[in-house]
Each structure stands twice: as C-alpha cells, then as structure tokens.
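Colleague: Here is my input, please return the structure:
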Amino acid sequence: MDVIRQLHLIVEAVCPIDGVSIGRKDDKSTWRIDFKTEATPAQQQAARDVVLAFDVFLKEREIERLEERQARRKVLLEAFIDTLDK
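Modeller: Numbers count the residues shown, from 1 in each chain. So this is what the prediction gives:
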C-alpha cells in the first residue's frame with residue numbers, strides 16, 4: 001500500500017474527509033487534509049494530530065534495514081561457503 005493511501009485510511013478513521021495530499025514529504029506544512037463538511041472541530045483536530053504523528057519515512061527505513069540485513073547475510077553466507085571450500 002502506498003504512503004498516501006495509508007495516510008488517507010488512518011486520517012479517515014478519525015475524521016470524515018474527502019482526501020489528503022502530501023506536498024513535500026519532509027515538510028508537513030505542505031500536506032493537506034480536505035475535510036467533509038460534517039467534520040466537527042474535534043474530528044478535524046484529531047486528523048491534524050494523526051498527520052503530525054504520521055511517519056512518512058518509516059517504510060523507507062524498514063526497506064533500508066532489510067537491505068542491510070540481506071547484505072550481512074550474504075557476507076556471512078559467502079564466508080561460510082569459503083570455509084567449506086578449504
């Protein structure tokens with residue numbers, strides 16, 4: 001699931017919205033929530049709080065960690081194979 005869809009679903013869980021948009025990933029002031037007319041001020045604040053807490057870079061960091069683990073495993077496997085060849 002892409003990041004914008006994740007954000008939409010999480011915000012929608014606390015507030016009626018038409019949609020969300022992410023301008024620059026690293027600048028939440030460029031992000032927008034389009035509230036439905038029936039959204040109460042409390043719901044709108046809850047949606048803003050969700051956006052502030054949302055970590056847009058989480059998936060990228062998870063991928064980096066997985067790639068690092070795979071690289072370490074490859075090195076270990078190659079070292080193990082080298083010991084078998086001797």
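
Colleague: Excluding chain neighbours, what is closest to Lys36?
Modeller: Leaving aside its sequence neighbours, Lys36 sits nearest to Pro16 (C-beta to C-beta, 6 or more residues apart in numbering; 3.9 Å). Bear in mind the C-beta positions are built from the backbone N, C-alpha and C, glycine included.

Colleague: surely that neighbour meets Glu38?
Modeller: Yes - with contact defined as C-beta atoms under 8 Å, Pro16 counts as touching Glu38 (5.4 Å).

Colleague: can you pull the contacts of the residue nearest to the spatial centre of the chain?
Modeller: The centre of the chain sits closest to Val56, judged by C-alpha atoms, centre = their mean, with a distance of 3.8 Å. By C-beta atoms under 8 Å, 6 or more residues apart in numbering, the contact list for Val56 reads 3, 7, 22, 25.

Colleague: And the pLDDT at it?
Modeller: In the predicted model, Val56 carries a pLDDT score of 84.

Colleague: For it, what is the enclosing helix or strand?
Modeller: Val56 is located outside every helix and strand, with elements delineated by DSSP states H and E.

Colleague: again with Gln44
Modeller: Assessed by DSSP H and E, Gln44 sits inside helix 41-53.

Colleague: Pro16 and Glu38: who's more crowded?
Modeller: A direct count of neighbours by other C-beta atoms under 10 Å for Pro16 and Glu38 places Pro16 higher, at 15 against 8.
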